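> pasted the sequence and its predicted model underneath.
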Amino acid sequence: MIPVVAGPPAIAGLPALAWSGGPGQAVWEEAGGVLTLTAAPGVDWSNDSLGGEQQHRASALGFAAPDAFSLSARVAVDPPRTTFDAGVLSLWADQDHWAKLCFEYSPQGDAMVVSVVTNTYSDDCNADIVAGPGIHLRVSRVGPAWAFHSSANGRDWTFVRLFRLDTDKPIHVGFMSQAPMGERCVARFGAIGFTDQTPANLRDGS
């Protein structure tokens, strides 16, 4: 049995990792290159645009975002899945300024690419339905903005979103698992890539 890491794991090629909130449950399998995050029951990030209760009980594992970079991973979630559970690439400044790119399970029973951008309130947007067991996700910092992409194969990237976060605070970028309506969510992040290069063209598949 692979032990649960008591503190943040060290992953070659990434800066030192830390939790954005309280400590979560993380396992790093060095041989396979897979980071597994298990969400506690009922955790999520949400600033409901309709005025519902805010939720910030999930904790992301990541690092301080450099001025220019791309972080990518192949994201999969163990079945059985519950509504809105997700493996996530995340950006966090504070409770009013954050964003996430999710491999999420919809109320209709579809696995989807979903993005949420929060500047006080959350702008929630569904993208493609994912037929397979996983999807590659990528977050890039491009000048003053952020870009989200997804890919079936990790080579040809589909544009999801370009946006800004309305804050001058440092941004924590990383990995997260959420289970807002379930007992847990086991999200697995493989093929993790980190580079100081950003896409030259956000919409040409590169």
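Right, received. Where do you want to start?
> and residue 86, bridged to which residues?
Beta bridges link residue 86 to residue 104, residue 178 when assigned by DSSP bridges.
> pretty sure it contacts residue 101?
No: if you go by Cβ atoms under 8 Å, residue 86 and residue 101 don't touch, sitting 9.4 Å apart. Quick note: C-beta positions are derived from backbone N, CA and C, even for glycine.
> please enumerate the shared neighbours of these two.
Common contact partners of residue 86 and residue 101 (Cβ atoms under 8 Å, 6 or more residues apart in numbering): residue 114.
> state the pLDDT value of the residue nearest the centre of the chain.
By Cα atoms, centre = their mean, the mean C-alpha position of the chain lies nearest to residue 89, the distance being 1.6 Å. Note for residue 89: predicted pLDDT of 99.
> from residue 31, how far out is it?
23 Å (Cβ to Cβ, to the nearest Å).
> show me what contacts the residue nearest to residue 82 when sequence neighbours are not counted?
Counting by Cβ to Cβ, 6 or more residues apart in numbering, the nearest residue to residue 82 once its immediate chain neighbours are dropped is residue 182, at 3.2 Å. The neighbourhood of residue 182, defined by Cβ under 8 Å, 6+ apart, consists of 39, 41, 42, 81, 82, 83, 85.
> show me what residue 137 is bridged to.
Counting by DSSP bridges, the residues bridging with residue 137 are residue 73, residue 150.
> what about it, distance to residue 202?
In terms of Cβ to Cβ, residue 137 sits 15 Å off from residue 202.
> higher neighbour count, those two?
Neighbours were counted for residue 137 and for residue 202 using other Cβ atoms under 10 Å; residue 137 has more, 28 against 19.
> would you format the contacts of residue 182 as JSON lines with distance to residue 189 included?
Rendered in JSON lines, the data for the contacts of residue 182 read as follows (distance: Cβ to Cβ, whole Å):
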{"residue": "39", "distance to residue 189": "13"}
{"residue": "41", "distance to residue 189": "21"}
{"residue": "42", "distance to residue 189": "22"}
{"residue": "81", "distance to residue 189": "16"}
{"residue": "82", "distance to residue 189": "19"}
{"residue": "83", "distance to residue 189": "21"}
{"residue": "85", "distance to residue 189": "15"}
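> farthest pair within those?
Spatial extent of the contacts of residue 182 (Cβ to Cβ) is set by the pair 42 and 81 at 15.2 Å.
> more crowded one of the two?
Comparing residue 42 with residue 81 by other Cβ under 10 Å, the one with more neighbours is residue 81, at 18 against 15.
> do you know the pLDDT at the nearest residue to the more buried one once chain neighbours are set aside?
Excluding the flanking residues, the one nearest residue 81 by Cβ to Cβ, 6+ apart is residue 105, at 4.3 Å. Confidence at residue 105, expressed as pLDDT, is 98.
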